[in-house]
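> Test case, fold it:
(chains A and B)
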Amino acid sequence: MKEGRETTGGIEYVVGAEKGIREIVRDEDVMPLLESALSAGASRVEVTDSRGGTLWACGASSGNNDSATVERRPVFLEGEPAGSLVVEASPGSQLRLNDLAGLLCAALNKIITNSLKRMLTTEIHTSVVNRTYEELLETNKRLRASESRYRELAENLDRKVQERTEELKRMHTRLIQQEKAASIGLLAAGVAHEINNPIGFISSNLNTLKRYISRFTEMMDFYRAAIEEADKAGGGITEAACRKWSDLKLDFIVRDVEELISQSLDGAERVRKIVSDLKGFSHVDDSKEDIVDLNTEIERTFNVLVHEIPEDAEIVKEFGSLPGFLCNPAMICQVFLNIILNSLQARRQGLKLHVSTKHVDGNITVAFSDNGPGIPEEVRNRIFEPFFTTKDVGAGTGLGLTVTLDIVTAYGGDIEVTSCPGKGTTFVIRLPAERREHVKVR
Amino acid sequence: MIEFDRTEKRMVLKLVFYGPALSGKTTNLLRLHDLLSREGRGELMVLDTRDDRTIFFDLLPFFLVTPGGLKIKVKVYTVPGQVKHDATRKAVLQRADGVAFIADSRVSEVANNYSSFENLEKNLAFVGIDIERIPLVIQFNKRDLSDIVPEADIERVWRPTGIPVFMASALEGWGVVETFSRLVELTYDSIDGKCGLSEGYGLDREDFVGRLTKRVQGS
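The predicted model follows:
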């Protein structure tokens, strides 16, 4: 059961592993010693292992084994007898063999001990250096692994943030679209009502025209028949024609047709204008940015809201001269619409709304002041929060002012709200006339 | 175990004196060398030191031949205690058959003892030795000093572990052989079970311990 050297934890060198003398001591360490013994007069010197096998020898044996001419001394390794030193002298030699053997033995044992120490020191030193190097490699590997793990984490984080940002952007866009859809729905109801009137008289007029046309046709038929008759009989057409003209009341009809057509044209023009305003407001055909005059856009917004404005409302517009403003017109109209709608909904009777625009110090300010009930103190800092609404369920999305603020912020502007409960609210929108950075607003 | 060759009838065992720096591991070996009979042991081999601090290890070998003809060599080593020589400690600890942990009794050294013992646990695991199974004794050395942890406190902490604890002053020479004897006893029990020392080679525990701890006449 001789155990093989196992490698535990990367250590191969075992302190204490058994060694033979030849593994420890080199020929060049021992041979000079043995040779010097020959010079001193010994005839033969030999070092044997514990079984008597020759390790080192020099000189020729005399074959004599007389105790007077042969001296044996023990050789130790790690304190354990590991062999012998045998010194022979020629018979009759004057050599003090005993002393020489003692001296040689002391020197040999010292050489063995020192060589062993040197070897142990070297071995453990090498082992420690190797081990340290391996540990460094291991540490290095672990550091690399952890570094790449962190790098991966960082990359993932970046990707995750990007994904989340994309998602938020999509959600935001969807919310704006929802809010827009909600306000367009509201407008559509008003627009439908508004279109009803012109369309009503246009279709009534057209019905009348249809009847009138049948009379014209009848008159034409009459003329054709009468002309054919006159060709045969010769005369009397004029009188009969006048009678027929009068029967069909064509004098009135000819007068009325003009009236009907101009009325219908007028109605059609009104329909066209309403549709055009609505389109212009929603800018369904145009989502690109353009340089617009904000005064025009405010007018446009009021136009589409005309049916929402109570009869007795007093709207005062005080427009200053504004520079062209680069924006998505649909977006900016949405801002005005949301604020105007809030005022309109805040007070149905006796509403006074004062709208003013100015261009001061590179900023365009648009101020809306109403005489509504004002915003209660406790909710004033929540009005821009998404889904915050004081309106009845279903009446508002709670996104109007959120979207408004988002749009204004995107254009580098801000909104200031001052409100005095019971007296009214003022929204002041401030927009930089020159946008410093181009923010894409959808 | 460094080597066990049934054919050659050779067995080489390794005992290791572990512990924090300057706790007296080498002094323990020096005392054993002085106190134990020359018969059956070799000379103490002290590898190069630096400022009298062990940087490699010290070795005190013992030899005995059992009635059954088994040649047993017991190599007793110290490790360098300084933290920086951990790789050397691992190398020396490999294939150990028993460990004597030499602690420094001084109050100021409590933390060092603790971290060195932790280091022993870690390194035993590293070289694949189960600390629960290896023969292990603890010696609280330097009992001759005054600023030391009271024996009662040591007892209270270590008794529950079941590890034999000895008080000693290696400098004054007491407690050293007792520590070593106990380690040798425990080692015999552990080896006997695995290699059949009494049955196969006619070596009983008393004989083994007696031969390894035979004192110099008159000491």
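
> any idea which helix or strand of chain B has the worst average confidence?
Ranked by mean pLDDT, DSSP states H and E, the weakest helix or strand in chain B is strand B:49-50, scoring a mean of 78.

> other SSEs contacting that strand?
When contacts are defined as 3 or more CB pairs under 8 Å, 6 or more residues apart in numbering or on different chains; DSSP states H and E, strand B:49-50 packs onto no helix or strand at all. Every residue, glycine included, has its C-beta placed from N, CA and C.

> That strand pairs with which strands, and in what direction?
Applying DSSP bridges, strand B:49-50 is found paired with strand B:53-54 (antiparallel).

> Let me know the next secondary structure element after the strand it pairs with.
Counting by DSSP states H and E, the element after strand B:53-54 in chain order, helix or strand, is strand B:58-65.

> List the buried residues of the next helix or strand after that following strand.
Using DSSP H and E, the next helix or strand after strand B:58-65 towards the C-terminus is strand B:71-78. By neighbour count with 16 or more other CB atoms under 10 Å in any protein chain shown, strand B:71-78 contains the buried residues B:71, B:72, B:73, B:74, B:75, B:76, B:77, B:78.

> same check, this time on stretch A:326-339
Buried-residue list, stretch A:326-339, by 16+ other CB under 10 Å: A:327-339.

> and the angle from the helix or strand containing residue A:108 to strand B:58-65?
In this structure, residue A:108 sits in helix A:97-233 according to DSSP H and E. Here the directions of helix A:97-233 and strand B:58-65 differ by 110 degrees (axes from the mean of the first three to the mean of the last three CA atoms, to 10 degrees).

> Determine the set of other helices and strands touching the next helix or strand after helix A:97-233.
Downstream of helix A:97-233, the first helix or strand assigned by DSSP H and E is helix A:237-247. With contacts defined as 3+ CB pairs under 8 Å, 6+ apart, the packing partners of helix A:237-247 are helix A:97-233.

> next one: the helix it packs on to chain centre, how far?
Mean-position distance between helix A:97-233 and its chain equals 6 Å (CA atoms, centre = their mean, to the nearest Å).

> now stretch A:15-34
That offset, for stretch A:15-34, works out to 72 Å (CA atoms, centre = their mean).

> Inside strands: which ones of the buried residues of stretch A:326-339?
residue A:327 (DSSP state E).

> Of the buried residues of stretch A:326-339, which pair is most distant in space?
Spatial extent of the buried residues of stretch A:326-339 (CB to CB) is set by the pair A:328 and A:339 at 17.3 Å.

> Around chain A, which positions in chain B sit nearby?
Neighbours of chain A within chain B, by CB under 8 Å from any CB of the partner chain: B:1-8, B:10, B:12, B:14, B:41-43, B:45, B:47-48, B:56-57, B:59, B:61, B:63, B:73, B:75, B:77, B:85, B:87-88, B:90-92, B:94-95, B:126-128.

> Recalculate using a threshold of 7 Å.
Contact residues, chain B versus chain A (CB under 7 Å from any CB of the partner chain): B:1-6, B:12, B:14, B:41-43, B:45, B:47-48, B:56-57, B:61, B:63, B:73, B:75, B:77, B:87-88, B:90-92, B:94-95, B:126-128.

> Kindly write the ChimeraX command that selects the buried subset of the residues you listed.
For the buried members of the residues of chain B next to chain A, the matching ChimeraX selection, counting by 16+ other CB under 10 Å, is:
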select /B:1,2,3,4,12,14,41,42,45,47,56,57,61,63,73,75,77,87,88,90,91,92,94,95,126,127
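
> secondary structure class for residue A:47?
Here residue A:47 is recorded as strand under DSSP: H, G, I helix; E, B strand; the rest coil.

> biggest helix in chain B by residues?
As assigned by DSSP state H, the longest helix anywhere in chain B is helix B:176-195.

> pLDDT (mean, whole number) over that helix?
Taken as a whole, helix B:176-195 carries a mean pLDDT of 95.

> Stretch A:175-185 too?
The average pLDDT within stretch A:175-185 is 71.

> where are the low-confidence patches of chain B?
Judged by pLDDT under 70, chain B has its weakly predicted residues at B:218-219.

> And the helices in it?
All helices of chain B, identified by DSSP H, fall at B:25-35, B:86-93, B:110-126, B:151-158, B:176-195, B:197-201, B:205-212.

> tell me the most buried of these?
When you average the neighbours per residue for each of the helices of chain B (mean count of other CB atoms under 10 Å in any protein chain shown), helix B:86-93 leads with a mean of 23.

> Smallest gap between chain B and chain A, at which residue?
In chain B, no residue comes nearer to chain A than residue B:42, which is 1.4 Å away by CB to the nearest CB.

> ok, that residue - contacts?
By CB atoms under 7 Å, 6 or more residues apart in numbering or on different chains, the contact list for residue B:42 reads A:78, A:79, A:80, B:61.

> will you turn the helices of chain B into TSV that also has distance to residue A:305?
Output for those, formatted as TSV (distance: least, CB to CB, whole Å):
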stretch	distance to residue A:305
helix B:25-35	97
helix B:86-93	84
helix B:110-126	81
helix B:151-158	87
helix B:176-195	99
helix B:197-201	108
helix B:205-212	109
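
> you'd agree residue B:176 is up against residue B:28?
Yes. At 5.4 Å, residue B:176 counts as touching residue B:28 under the criterion of CB atoms under 7 Å.

> Give me the common contacts of the two.
Going by CB under 7 Å, 6+ apart, residues that sit against residue B:176 and also against residue B:28 are residue B:170.

> so what's residue B:173 closest to, chain neighbours aside?
Excluding the flanking residues, the one nearest residue B:173 by CB to CB, 6 or more residues apart in numbering or on different chains is residue B:31, at 5.2 Å.

> do the same with residue B:65
Nearest residue to residue B:65, sequence neighbours excluded (CB to CB, 6+ apart): residue B:71, at 5.3 Å.
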